[in-house]
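> After the sequence you'll find the predicted model.
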Amino acid sequence: MNIHRTTVLPRVAFYGWIAEASDLARAALVVGGQYQQCVSVLPDGAITAVFSDLGTRPDYRQAPATLFLDNEREISCDGGLDDLLAEAVRPDRRFGFVISTDVHRLSCDTVTRTALLRAFAVAGIEFLHVPEIRDGDRLPVMPWRLRSVDYIKVLTQLIRDGGHP
């Protein structure tokens, strides 16, 4: 008897962001580097959607249609944070996780970031991050490790505020 195991890949959306967007090609390369960090800790094929933004609000500029990787490959983008949030609440969404290099990539503002994490938690989406540990401008000094945001705090606050997960 031959039994085949089926491995179910996690379906993960990548989100990247960079504040400095005066040089769009360089910004797309930096966000492409964030993408590569995230891909390095996931099984092949796990990323099913790619979202990114450049700049800061109110002058937010959605990233170009592609991100540049260091090996001269390009990755197509599906939109920015607003598009990620819109898809997150759809029943036919392409992901059950969102990954980034830092929770602060969602927003530098604590209130906004908490609201975004709460929206993910309500939708049943787990936020994962691969911390950037750098020595100056050089490559990371430690291996990247996948981490999950502590949803107990987010869900506790949600219930305290009268919402339901």
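Okay, I see it. These figures come from a predicted structure and were not determined experimentally.
> mean confidence for the helix or strand containing Ala119?
Using DSSP states H and E, Ala119 sits within helix 110-123. Average pLDDT, helix 110-123: 85.
> helices or strands up against it?
Using 3 or more Cβ pairs under 8 Å, 6 or more residues apart in numbering; DSSP states H and E, the elements in contact with helix 110-123 are helix 81-88, strand 126-129, helix 151-160. C-betas here are computed from N, CA, C, even on glycine.
> Tally up the residues packed near Trp17, please.
Using other Cβ atoms under 10 Å, the number of residues around Trp17 comes to 27.
> hey, what's it bridged with?
With DSSP bridges as the criterion, Trp17 is bridged to Asp53.
> Would you mind measuring from it to Ala25?
16 Å (Cβ to Cβ, to the nearest Å).
> same check, this time on Asp83
Distance, Asp83 to Ala25, by Cβ to Cβ: 22 Å.
> lowest confidence element among the helices and strands of the protein?
Least confident helix or strand of the chain, by mean pLDDT, DSSP states H and E, is strand 147-148 with a mean of 52.
> quick one: low-confidence ranges for this protein?
1-8, 56-65, 71, 131-165 (pLDDT under 70).
> now for the helix ranked longest in it, which elements pack on it?
The longest helix of the chain (DSSP state H) is helix 24-39. Helices and strands touching helix 24-39, as assessed by 3+ Cβ pairs under 8 Å, 6+ apart, comprise strand 12-18, strand 47-54, strand 66-68, strand 97-100.
> For Gly32, which of those strands is the nearest?
For the helices and strands packed on helix 24-39, distance to Gly32 was read as Cβ to Cβ. The smallest value, 4.0 Å, belongs to strand 66-68.
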